[in-house]
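> Predicted model, plus sequence, below.
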Amino acid sequence: MSLEKVIFGFFVLLAATLNFGFFIGDLSDPSLHNVYELFAAVVVSLIATVLKFGDRTQIGAVHLATSLVADLQLIAAALVWGYATQISSAGLDGAAMASVVSLSGGALLANLVSVVLLVVETVSFHRR
Amino acid sequence: MAGSALRAWRQSARSAETSSTIFLILRRMRAPLIVLITIFAVSVLGLTLIPGRDEAGHAVRMGFFDAFYFMSYTATTIGYGEIPHPFTGGQRLWVMATIYLTVIGWAYAIGSLLTLLQDRGFRQALALQRFTRTVARLREPFLLVVGYGQTGQLLGRSLDAIGRRFVVLDASGERVDVLDIDSYHADVPGLAADAGNPQALGVAGLEHPRCEGVLALTDDDEVNLVVAMTAALLRPELPVIARTVSPAIEQRMRAFGSPAVVNPFDRFGDHLRVALRSPASYQLMSWLESGPGAQLPPRGRPPTAGRWVICGYGRFGKKLAEDLRAEGLDLTVMDLRPDATPEPGIVVGDACEPAVMARAELEDAVGFVAGTDNDTTNLSLIAAARRINPALFIASRQNRPASAPLFAAMETDRLLVPTETVAREIYAQLSTPLLWRFLQDMPARGDDWAAGIIERLTRHCGDRLGSVWKIALTRRDAPALEPYVRTGDATVGGLLRSPQDRDQAVAAVPLLLQRDAGTILGPGDDVTLEPGDELLLAGRPSARRALLDTMTHHAVSEYVLTGRTVPSGWLWQRVTGKVPRTR
């Protein structure tokens, strides 16, 4: 067991689970989506991305790509949330919340791909 | 099978070196970046959790937006103050902690980045990448010079002067740095890497389609062998010129393809033999090898009768003794190595001791060779020998370039500087292959013939060598001569008439005529030119320009070859009815 692999797997999985936790629930209902969870998802996703830096294998490259997609989606979600709460006159209404959550839904898809890649990598490693 | 393995190796080698730099940065920046993200996350989270108070005294919590905004300007030490409301004691306590935390985080990240930029491995990776790119972008034919020591630098300067491009590979970074200081006309890419590594050779352009030759010039025979071997295996069609001082290595090099091997010790012996047999040939040879602008060297005459003494019986001494014996000279050899085994005809011992020196019986010798690998020893040997017999013909070997003034002050009759010999020799081979051919074949023609050529050369261009150049009588290079050459109406003498006045000859001497049927050394004026002939000429640069006119201008060639004056313009040609022969 390598500690590096544990940390790597932990962050990849945590990014996916946090993302899922934020995403689940009625799209347009702000009370079902905790902003702390979005914050945690962004931070963990960023850390997972940095952990994937510098891997020269093909699977490592795809890992990094999915992570970058998730980051992009989550940061976009955070920006929309910031716009809705601070700048928009309407405030955080149903429409704004729906776009925040759907953006994080996209990130969730990317995170799921990351998890699938992690599983594939692990399984193929055992076969060797 | 083998081909595909080779291709796979080449591909992996190439992709590895291009992306390694960026991966190196990313990998090393992992930890600092994660620390930075974590510190930011913890700070922002803490700010949103700690209750604050607005102006009215209501308890409010900071939102993520404000918290991130606050942390961003605080962490970057900009500091706009406390927003949106003045902080409470609890908030200030937390902010105090986060300020120190973020400063540490930034310092760590920026420090790591700067360390990475200073890192030797990283800089090498960057240099390698830049070098690879430069070499890959070369669009002109270039030579791969392996080893940039004395020989490489001498040769590099001459090659640059005649407009040849080259790429340098050397094990020592300092020598490669010299490239930046040397003022070359062209940009010379250089890489500090182990030349014995095929991958380094590949990066330096061994497999580049524009690579036209490999020069193995390192001090290490083994490395030169590896370079010659690698070039022969990966690019069998490339010409290779390798330097070595060991006959055994020379044999091993010849096992791979047909590299041109230059052995300075061997050459010195050969030159000395030429000088013994025919001083004028040697004079002409060293003059032409010295390149444009060289002063006519004096015609020294080494003593051909009498006994020679050779000091030093290493590789150089053995080779020279062999050559001198082949010339039928009487020899006494002094072996200075303390562990040498005494043989008949060999004096063993420290030659600096008068008793040992006396055994060589220098009083009745005619020639003395100081051939050890130590310049100080050589100089003191010469001084000692001169004291015993001032009339001696002295030949010496100079090992270090720094000793040059000392040997010059000693005024030896013949001096071997291995690095210069190799550089001159290779330059002659590369700059004008016909000249090389000429130098190879010339000694066989004898002393009088060479003296005749020297006499003609000095008459035409004085005692400074003008240029040595080649003309090709092809339709492309000499369109105006083509009609005459095709029908056999042009001779060497006819071609070399002056376009100003055809009763005068241009100031050039034909050295060699090469055609498919063979070569003619020093072709006479009556030799008929044939299509495809190549002519090697030595003479003034003005003669070169005059010949260029004759070769390319129909009216000029008509005048030079037949004496008929025709107008050069189309209109006047039609008006006067005098049209030069174009077919």
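Noted; the coordinates are in hand.

> What residues of the helix or strand hosting B:Leu113 count as buried?
Using DSSP states H and E, B:Leu113 sits within helix B:89-118. By neighbour count, with 16 or more other C-beta atoms under 10 Å in any protein chain shown as the criterion, the buried positions of helix B:89-118 are B:91, B:94-95, B:98-99, B:101-102, B:105-106, B:108-109, B:112, B:116. Quick note: C-beta positions are derived from backbone N, CA and C, even for glycine.

> Dump the residues you listed to TSV, plus pLDDT and distance to chain A.
Below are these laid out as TSV (pLDDT from 0 to 100; distance: C-beta to the nearest C-beta, whole Å):
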residue	pLDDT	distance to chain A
B:Gln91	90	18
B:Trp94	91	16
B:Val95	91	18
B:Thr98	91	15
B:Ile99	89	20
B:Leu101	90	15
B:Thr102	90	15
B:Gly105	91	13
B:Trp106	90	16
B:Tyr108	92	14
B:Ala109	91	11
B:Ser112	90	13
B:Leu116	84	12
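
> Can you give me the pLDDT of residue 29?
Looking at chain A here, since you left the chain open. Looking at A:Asp29, its pLDDT reads 89.

> oops, I was thinking of chain B
According to the prediction, B:Met29 has pLDDT 86.

> Right, and chain B sits closest to which residue of chain A?
Scanning chain A for proximity to chain B using C-beta to the nearest C-beta identifies A:Gly54 as nearest, at 3.1 Å.

> Out of the buried residues of helix B:89-118, which is nearest to B:Gln429?
B:Gln429 lies nearest to B:Leu116 out of these, by C-beta to C-beta, at 45.6 Å.

> Can you verify my assumption that the closest one contacts B:Phe122?
Yes. Look at B:Leu116 against B:Phe122 with C-beta atoms under 8 Å: they come within range, at 5.5 Å.

> Spit out the residues that contact these two alike.
Contact with both B:Leu116 and B:Phe122 is made by residues B:24-25, according to C-beta atoms under 8 Å, 6 or more residues apart in numbering or on different chains.

> so after whichever strand or helix holds A:Thr66, what's the next helix or strand?
Using DSSP H and E, A:Thr66 maps to helix A:58-82. Once helix A:58-82 ends, the next helix or strand along the chain (criterion: DSSP H and E) is helix A:94-127.

> orientation of that following helix relative to helix A:58-82 in degrees?
Here helix A:94-127 points in a direction 160 degrees away from that of helix A:58-82 (axes from the mean of the first three to the mean of the last three C-alpha atoms, to 10 degrees).

> residues from chain B in reach of chain A?
Contact residues (C-beta under 8 Å from any C-beta of the partner chain) of chain B with chain A: B:19, B:23-30, B:33-34, B:37-38, B:40-41, B:44-45, B:48, B:63-65.

> are any of these buried, and which?
Buried by 16+ other C-beta under 10 Å: B:23-26, B:28-30, B:33-34, B:37, B:40-41, B:44-45, B:48, B:63-65, out of the residues of chain B next to chain A.

> which sections of the chain are below the confidence cut-off?
No chain specified, so I'll use chain A. In the predicted model, chain A carries pLDDT under 70 at residues A:1, A:126-128.

> that's the wrong chain, I meant chain B
For chain B, the stretches with pLDDT under 70 are B:1-21, B:340-345, B:351-352, B:583.

> Show me what residue of it gets nearest to chain A.
B:Arg27 (3.1 Å).

> distance of that residue from B:Leu33?
B:Arg27 sits 11 Å away from B:Leu33, going by C-beta to C-beta, to the nearest Å.

> Now the common contact residues for the two.
The contact sets of B:Arg27 and B:Leu33 overlap at A:Phe53 (C-beta under 8 Å, 6+ apart).

> ok, and what's touching stretch A:82-92?
With C-beta under 8 Å, 6+ apart as the test, stretch A:82-92 has contacts from A:30, A:81, A:93, A:96-97, A:100, B:63-65.

> can these go into a markdown table with extra columns for distance to B:Asp160?
What follows is these, written out as a markdown table (distance: C-beta to C-beta, whole Å):
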| residue | distance to B:Asp160 |
| --- | --- |
| A:Pro30 | 74 |
| A:Trp81 | 64 |
| A:Asp93 | 74 |
| A:Ala96 | 68 |
| A:Met97 | 71 |
| A:Val100 | 65 |
| B:Gly63 | 68 |
| B:Phe64 | 64 |
| B:Phe65 | 63 |
